[in-house]
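A.B. asks: Here's a sequence, model it:
(4 chains)
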There are 2 protein chains.
Amino acid sequence: MKMKSVRGTETKLKMIQVAADLFHKQGVVATSPEEIIDASGTGKGQFYHYFKSKEGLIHEVLQTHLEAITTGTARMDYNVESWEHLERWFLAHLELQKAFQMRRGCPFGTVGNEITEKDELIRQDLNLIFEVVKNKLVTFFVQEKAHRRLQKDVNVDQMADFCIATIQGAMLMGKIKQSSRPVETTIREALSHLKRYVAIPKR
Amino acid sequence: MKMKSVRGTETKLKMIQVAADLFHKQGVVATSPEEIIDASGTGKGQFYHYFKSKEGLIHEVLQTHLEAITTGTARMDYNVESWEHLERWFLAHLELQKAFQMRRGCPFGTVGNEITEKDELIRQDLNLIFEVVKNKLVTFFVQEKAHRRLQKDVNVDQMADFCIATIQGAMLMGKIKQSSRPVETTIREALSHLKRYVAIPKR
DNA sequence: AAACTTCTGTACCTATGGGTACAATAAGGA
DNA sequence: TCCTTATTGTACCCATAGGTACAGAAGTTT
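C.D. replies: Modelled structure (predicted):
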């Protein structure tokens, strides 16, 4: 379970990356350890040397995602500091999908949809991820509010929840329809709604 | 493949219903024919007598859903004829989720999230379902527009897409967080947005 | 009631899933 | 260098997935 050499860390990382991609592509239930082992060019020995079980791997995959988000090394920029940024935040999700010809959804949403009663740990991992993402959005709205650029009775928490839910739904529909259209319109509508909360400058 | 007796039709229906429930609960990939057979108290013989394969069953499950929606015999009322109706439409989704202690998402969204390149038929089945649902929403918006109760430049199609995407995202987040809160707020925000398209009465 | 069809039950089959066991290497550290 | 720990490879294991084959029961048709 422990690692001393760089070699080991590299193979482990490779497995995590390959697994993350397969999970995104076809979901975690449909992805077997074997497939991950083959695709990563490693062996069964390594797999169970580095991960207790399949669930252990899923956990590590999500942890890696989380870390990428918090450290800002993720594929997508999760930091929002302006309305332009927020729009980019929405559009970045669409771009991700487009990169896969609209054949995939959100990496987290995909996993989230598969969880059942037995996957309590995974559910919590996902929750943490969404909590971090939400916080970044909340931070922006709080800042705007502090500068009185938002109506003073808005609920920043709900605004963030709305952002996340709409983008998740948009991506899901985008995947099902294999079209960017519904995603684009949903993003547009969502943004248009959020901007109504901008404070009307006094005179 | 054909059926002459009521007895046969009943067992087949039973299997479809049990399968639909299991798919909703744990997804289609995680549900094996065996599990459906056991839970429905039937046998392997029947299963492959009535369905060509697992995929064939999935198809029939979705067809049954579709029929329930079009004939209005579905668990939920998909007809929207007023704004109150639309609100009920949104809330009905939440109620469905609540009935399962927020441990399940949308029956269609759940299946939709699992589709991959190889499930083209299933994807099309789902598309048909969402198309029918969307049409019911569009019909309402068109009607409102015809009565000049909507601003005349609104895009009814996009409004419907927005409805579906938001409720899908809301339900997904509700399932992941196992909480009705995000669902409720997303619904509220969505409705609030849609109502902004209501025409301002001339004086 | 014969002859057909439809329905149901059981036995079997092969591939894969998720793992364990264990030996062989490689790589450091003292 | 020798000892220890990390890493890798291979072989095996049992349960399940998804399905086929086929025989027998039940229902129809004539």
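
A.B. asks: can we go C-alpha only for contacts and neighbour counts from here?
C.D. replies: OK.

A.B. asks: Up against chain B, what does chain A have?
C.D. replies: Counting by C-alpha under 8 Å from any C-alpha of the partner chain, the residues of chain A close to chain B are A:25-27, A:29-30, A:103-105, A:109-110, A:112-117, A:123, A:126-127, A:158, A:161-162, A:164-170, A:172-173, A:175-177, A:182, A:185-186, A:189, A:193.

A.B. asks: Mark which of those residues are part of helices, please.
C.D. replies: Residues of the residues of chain A next to chain B located in helices (DSSP state H): A:25-26, A:109-110, A:112-114, A:123, A:126-127, A:158, A:161-162, A:164-170, A:172-173, A:175-177, A:182, A:185-186, A:189, A:193.

A.B. asks: just to revisit the earlier point, check the residues of chain A next to chain B one by one and keep those near DNA strand C.
C.D. replies: By C-alpha under 7 Å from any atom of the strand, the members of the residues of chain A next to chain B lying near DNA strand C are A:V29.

A.B. asks: ChimeraX command to pick out the buried ones of the residues of chain A next to chain B?
C.D. replies: In ChimeraX, selecting the buried portion of the residues of chain A next to chain B, with burial taken from 16 or more other C-alpha atoms under 10 Å in any protein chain shown, looks like this:
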select /A:25,26,27,29,103,104,105,109,110,112,113,114,115,116,123,126,127,158,161,162,164,165,166,167,168,169,170,172,173,175,176,177,182,185,186,189,193
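
A.B. asks: Could you report the pLDDT at the residue nearest the centre of chain A?
C.D. replies: With distances taken as C-alpha atoms, centre = their mean, A:F108 lies nearest the centre of chain A, 4.6 Å away. On pLDDT, A:F108 comes in at 98.

A.B. asks: hang on, it packs against A:L126?
C.D. replies: Yes - between A:F108 and A:L126 there is a contact under C-alpha atoms under 8 Å: 6.9 Å.

A.B. asks: re the thing from before, next, the contact list for the residue nearest to the centre of chain A, please.
C.D. replies: A:24, A:126 (C-alpha atoms under 8 Å, 6 or more residues apart in numbering or on different chains).

A.B. asks: So it versus DNA strand C, what's the distance?
C.D. replies: 19 Å (C-alpha to the nearest atom of the strand, to the nearest Å).

A.B. asks: any idea how far that residue is from A:I167?
C.D. replies: Using C-alpha to C-alpha, to the nearest Å, A:F108 is found at 12 Å from A:I167.

A.B. asks: cool, A:Q46 as well?
C.D. replies: In terms of C-alpha to C-alpha, A:Q46 sits 37 Å off from A:I167.

A.B. asks: Likewise for A:M76?
C.D. replies: 14 Å.

A.B. asks: Point out where chain A drops to low pLDDT.
C.D. replies: Chain A contains residues with pLDDT under 70 at A:1-4, A:7-8, A:203.

A.B. asks: So which bits of it are right by DNA strand C?
C.D. replies: A:5-6, A:29, A:31-35, A:44-45, A:48, A:52-55.

A.B. asks: Tell me which helix or strand comes right after the helix or strand hosting A:V18.
C.D. replies: Per DSSP states H and E, A:V18 falls inside helix A:6-26. Going down the chain from helix A:6-26, the next helix or strand is helix A:33-40, by DSSP H and E.

A.B. asks: for the residue lying closest to A:S82 once chain neighbours are set aside, what are its contacts?
C.D. replies: Spatial nearest neighbour of A:S82, excluding adjacent residues (C-alpha to C-alpha, 6 or more residues apart in numbering or on different chains): A:F140 at 7.2 Å. Contact partners of A:F140, counting by C-alpha under 8 Å, 6+ apart, are A:80-82.

A.B. asks: And A:E95, by the same measure?
C.D. replies: A:E95 touches nothing, counting by C-alpha under 8 Å, 6+ apart.

A.B. asks: give me every residue that touches the nearest residue to A:I16 once chain neighbours are set aside.
C.D. replies: Closest residue to A:I16 apart from its sequence neighbours, by C-alpha to C-alpha, 6+ apart: A:V61 at 5.6 Å. Applying C-alpha under 8 Å, 6+ apart to A:V61 gives the contacts A:16-17, A:19-20.

A.B. asks: Looking at chain A, which residue is nearest chain B?
C.D. replies: A:G169 (3.5 Å; C-alpha to the nearest C-alpha).

A.B. asks: you'd agree that residue is up against B:Q168?
C.D. replies: Yes - applying C-alpha under 8 Å, one finds A:G169 in contact with B:Q168, separated by 4.8 Å.

A.B. asks: Can you tell me the number of residues neighbouring A:M102?
C.D. replies: 21 (other C-alpha atoms under 10 Å in any protein chain shown).

A.B. asks: thinking it is in contact with A:K175, fair?
C.D. replies: Yes - with contacts counted by C-alpha under 8 Å, A:M102 reaches A:K175, the gap being 5.4 Å.

A.B. asks: Stretch A:23-38: end-to-end distance?
C.D. replies: Span of stretch A:23-38 from end to end, C-alpha to C-alpha: 15 Å.

A.B. asks: try stretch A:37-44
C.D. replies: 7 Å.

A.B. asks: Okay, buried residues for it please.
C.D. replies: Buried-residue list, stretch A:37-44, by 16+ other C-alpha under 10 Å: A:37, A:40, A:42.
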